[in-house]
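Trainee: Quick one, what's the 3D model for this:
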Amino acid sequence: MENESTNSPSRKILFRADWLIEACSGYGQVTWQEIRKWAKSDSLWTDENDSPCQNNPIDVNLRWRVLNPSLKLLESLGYIDVIWRERVATTPISWVRTCWEELGKNEWLLCGVRCENFVDDLESNISLDREEIFVKGIKDKTIYDKLKEHKRSLQIKLPDRITTIGEIPPDFPSSAKQNGTNEFPYSWEICKSLAPATDLVKKIERDSQQTNISNNLLNDMNWLRPKKNTFFGGKPPDEFYNYDLCLSSHTLEKQGHSSVYEAIRLVNSNTTPGFSSISKYRLTSEEKTWISYYLLSKNIRTLEFIVEENSVLHPIELELPTIIRRLLSLCSGRPQEVVWLNRNRFVKYENVSALIALEVAKILNVELICG
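Mentor: Reported below is the predicted structural model:
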């Protein structure tokens, strides 16, 4: 809607992830092609007054750059499960116990499917607290430059944070699941269900296949550089020649330019002239995230706990595995935020108890730095 005073479009653009949840909830699960089509349309883009976005500077072919981080936020907060490039499925309605220990009582967070007017119907039966949730901008230079060029700002509007206080969760709706107990928050239950990253490393070592590969091909591959958390083409990193586990990636153009990741370790460089013997293991996307974090932890201070705030931080260069993002996000029911610390950017999670922070560090096989 145009501002009457300036007769120009509103300067704020909202991507309506809250409406996306409502749309997905009507289907249960949505194909990747369909959800990309929704994001390209104008129906999920508004100004701050919920009016259709006028003159959206983000081209339809770039809107997936906003969709993808929005899906990650929704997945972290327990609304959906994403099978990337395949489908998006909503999770069942559930009451999740958070980690707000200073409240003195249990706080229960509403997660899962959320159809239109669902929360209004809930409020007619139980007492609820509502909080609007916005995330400012995304980490994408292409989108940032587009917005800057048109002097516009972007926010992702997430579903409202819906909570209630009580020793046990509400018994309404009757179909709702209970995640967490009167004794323990749900994030602690998730922690206790997870295997450590070292188990995946052992699996890779056990199930890798040995093969010979030309040194020329090795020098043309894309390799994860642990100090930068980025894949670069060229010769393998120094870690490869130290017989350490390394990650490589290549693209399958016939499958929509999807990436394939492999864990590779040098076995012998003195086999046949011009060739090296390696062991390799193809990783799923989620396994790649676990192993990336495991490898990068040797070069970057990966996990910090701010005692007086009960918050966990990690460098923005790192990406946590999906289940770790979810358990940290569900400690508060709020999305992670980007903060500056000593001139560096960190991702921050609120209201994480010391016990959960220690357990997460143990699972990831990293040192927890207290500050």
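Trainee: quick one: buried residues of stretch 358-368?
Mentor: Buried residues in stretch 358-368, counted by 16 or more other C-beta atoms under 10 Å: 359-361, 363-366, 368. Placement of C-beta: from N, CA and C, glycine included.
Trainee: Distance across stretch 53-69, terminal residue to terminal residue?
Mentor: By C-alpha to C-alpha, to the nearest Å, the extent of stretch 53-69 from end to end equals 20 Å.
Trainee: same thing with stretch 40-47?
Mentor: Using C-alpha to C-alpha, the end-to-end distance of stretch 40-47 comes to 16 Å.
Trainee: now it, how far from the chain's geometric center?
Mentor: On the basis of C-alpha atoms, centre = their mean, to the nearest Å, stretch 40-47 sits 22 Å off its chain's mean C-alpha point.
Trainee: Give the buried residues for that stretch.
Mentor: Of the residues in stretch 40-47, 40, 44-47 count as buried by neighbour count, 16+ other C-beta under 10 Å.
Trainee: ok, so of the residues you listed, who is nearest residue 188?
Mentor: residue 44 (34.9 Å; C-beta to C-beta).
Trainee: where does the stretch 101-250 of the chain have low pLDDT?
Mentor: Along the stretch 101-250 of the chain, segments meeting pLDDT under 70 span 103.
Trainee: redo that, cut-off 80
Mentor: Scanning the stretch 101-250 of the chain for pLDDT under 80 picks out 101-104, 226-229.
Trainee: how about the helices in it?
Mentor: In the stretch 101-250 of the chain, helices defined by DSSP state H, counting those that start in this stretch lie at 118-123, 141-149, 186-193, 197-207, 215-218, 238-241, listed in chain order.
Trainee: out of these, deepest packed?
Mentor: Of all these, helix 186-193 has the most neighbours on average by mean count of other C-beta atoms under 10 Å, namely a mean of 18.
Trainee: That helix packs against which elements?
Mentor: helix 322-329, helix 354-364 (3 or more C-beta pairs under 8 Å, 6 or more residues apart in numbering; DSSP states H and E).
Trainee: Quick check: which of those helices is nearest to residue 212?
Mentor: Of all the helices and strands packed on helix 186-193, helix 354-364 sits nearest to residue 212, with 33.7 Å by C-beta to C-beta.
Trainee: tell me the angle of the closest one relative to helix 322-329?
Mentor: Relative orientation of helix 354-364 versus helix 322-329 (axes from the mean of the first three to the mean of the last three C-alpha atoms, to 10 degrees): 170 degrees.
Trainee: And for helix 354-364, what's in contact with it?
Mentor: Surrounding helix 354-364, the residues in contact under the criterion C-beta atoms under 8 Å, 6 or more residues apart in numbering are 99, 185, 187-188, 191-192, 194-197, 293-294, 297, 302-303, 305, 307, 310, 312, 324, 327-328, 331, 352, 367-368.
Trainee: Name only those of these that count as buried.
Mentor: Among the contacts of helix 354-364, those buried by neighbour count (16+ other C-beta under 10 Å) are 99, 185, 187-188, 191, 194, 197, 293-294, 297, 302-303, 305, 310, 312, 324, 327-328, 331, 352, 368.
Trainee: related to what we said a few turns ago, so for residue 247, which of the helices and strands packed on helix 186-193 sits nearest?
Mentor: Per C-beta to C-beta, nearest to residue 247 of the helices and strands packed on helix 186-193: helix 354-364, 16.2 Å.
Trainee: same question for that closest one, mean pLDDT?
Mentor: Across helix 354-364, pLDDT averages out at 95.
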